[in-house]
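Asks: Provided below are the primary sequence and the corresponding predicted coordinates.
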Amino acid sequence: MICQFSTRKISYEEYNKKYKKDIIYNRDDFVPSGVKLIKGTVTAFDPDNNKVVVDGKEEVSYDHMIVATGLVLNYGGIKGLEGVITSSGADNAVVRQKIGKNGTHSIYFRDGAEDTWKGIQELVAKAKAHTGPEKLQALYSMPATAIKCGGAPMKIMYLTHAHLEKAGVANKGELTFNTAGTALFGIKEYADAITKQFEKRGFKWNFGYNLTDIDTAGKVATFTKTWKEKGEYDEDLEEYTMVTKSQAFPYKYDFIHVTPPMGAPEGLPADGAADLGGDVSDETGADMDSMNADIGGGDEFGASDAAAGGAETAGREMRESRAIARARKLAESHSIMSRLAK
Ligand SMILES: Cc1cc2nc3c(=O)[nH]c(=O)nc-3n(C[C@H](O)[C@H](O)[C@H](O)COP(=O)(O)OP(=O)(O)OC[C@H]3O[C@@H](n4cnc5c(N)ncnc54)[C@H](O)[C@@H]3O)c2cc1C
């Protein structure tokens, strides 16, 4: 699990000296007794026979299965970038060919987070040396998909601004938040508060702007806005057809924070409703005996923790994880998971 210290300011140096060792754990030390850990990747699902295939060779059978594969970071979904990686995976070389240097950054994986801090420092240094009347451009993207940590793209923007301000050069930079969405936050009260914060800091923002193309060498990021317009009148249907229109908005940048589109790993749909041989869309768990599979995990439904946290703080009822609810029901009637990985 990846998270950040959201509630109080901790400098990078302080983190490295004091906290890094406290937040990176050895997973194997936390495996409960009675659980057999299989180190490998599920490469195929065989729901008809209640089996999965690990690393293309080892078959593992199950009575019940919970799928909690998290979201993958689809940098390759943006033209000009490559790679589909996980936040925790070490194999990120393909992404780091373009991300993590030359003003192009992304905190969504561990090495990327460290590179982003260096990128912010480079921007601050550039701002200090900057003399022209035009402002340095810093961009922050938010994709059209569900993402991990919905607040992270804005938090990076606030951090950039705070460091520019601390160095006395906030007036040398223009920070723009381009979101594919239609609001700054899913809960109105929070969106209103964020809008005030953006205005106070002089941030710019645009709705419906999706990062589709990036030229990292030339430092140009292109955001595409799509919308529907009334087209020809259809005599048969007696209504106007709707035509999809789009417009590209290229931005020159000095610094960009890329939040990649995210989704379930290949073979599983992003909405967590994979067809693994049964009805997994039923929240009551009524069909669990026939399906024998749950899709779950912190990122199920793609609900961001920031939005969920916001909802909780606002006193709204948080929806319980479907997987956890089902697991609880299962535990009531079965000795759950006992054969998960025999
Ligand atoms: C920058 C950042 C900041 C965040 N900050 C916070 C925060 O402050 N608070 C908070 O609550 N949340 C935060 N989150 C979100 C949090 O990290 C996720 O919600 C959480 O990690 C999701 O847990 P998960 O177990 O569902 O998925 P993951 O943590 O993604 O774990 C899924 C695991 O499944 C493995 N896997 C994938 N495919 C397979 C396969 N085929 N076979 C076997 N294994 C597989 C993956 O390698 C991974 O180990 C943040 C996320 C990011 C990226």
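Replies: It's in. Residues are numbered from 1 along each chain as shown.

Asks: hey, let's count contacts and neighbours off CA atoms from now on
Replies: Noted.

Asks: Any idea how many residues pack against the closest residue to His161 other than its chain neighbours?
Replies: Of all residues not flanking His161 in the chain, Ala170 sits nearest, at 6.5 Å (Cα to Cα, 6 or more residues apart in numbering). The local packing of Ala170 (other Cα atoms under 10 Å) involves 22 other residues.

Asks: in the stretch 101-250 of the chain, which spans are helices?
Replies: For the stretch 101-250 of the chain, the helices defined by DSSP state H, counting those that start in this stretch occupy 110-129, 152-166, 188-201.

Asks: could you dump these to TSV with distance to the ligand, mean pLDDT and mean neighbour count?
Replies: Compiled in TSV, the helices of the stretch 101-250 of the chain are given as follows (distance: least, Cα to the nearest ligand atom, whole Å; pLDDT from 0 to 100; neighbours: other Cα atoms under 10 Å):
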stretch	distance to the ligand	mean pLDDT	mean neighbour count
helix 110-129	7	95	19
helix 152-166	6	96	18
helix 188-201	17	96	14
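
Asks: quick one, which of these is nearest to Gly263?
Replies: Minimum separation from Gly263 across the helices of the stretch 101-250 of the chain (Cα to Cα) falls at helix 152-166, 16.8 Å.

Asks: who's in contact with the closest one?
Replies: The contact list for helix 152-166, computed with Cα atoms under 8 Å, 6 or more residues apart in numbering, reads 120-121, 124, 127, 140-142, 170, 173, 175, 177, 201, 257, 259.

Asks: can you redo those as CSV with distance to Pro250?
Replies: As requested, those are arranged in CSV below (distance: Cα to Cα, whole Å):
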residue, distance to Pro250
Ile120, 22
Gln121, 25
Val124, 23
Ala127, 22
Tyr140, 14
Ser141, 13
Met142, 16
Ala170, 24
Gly173, 18
Leu175, 15
Phe177, 14
Arg201, 24
His257, 15
Thr259, 17
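
Asks: how about those, which pair is most distant?
Replies: Looking at these by Cα to Cα, the two members farthest from one another are Ala127 and Met142, with 24.4 Å of separation.

Asks: so how far is the ligand from the residue nearest to His161?
Replies: With distances defined as Cα to the nearest ligand atom, to the nearest Å, the gap from Ala170 to the ligand amounts to 24 Å.

Asks: Now tell me which helix or strand of this structure has the poorest mean pLDDT.
Replies: Every helix and strand of the chain was ranked by mean pLDDT, DSSP states H and E. The lowest is helix 288-291, at a mean of 36.

Asks: Can you give the domain ranges for the protein?
Replies: Taking automatic domain parsing as the reference, the chain has its domains at 31-71+264-333, 79-260.

Asks: looking at the ones you listed, which one has the lowest mean pLDDT?
Replies: Averaged per stretch, pLDDT over the domains of the chain is lowest on domain 31-71+264-333, reaching a mean of 63.
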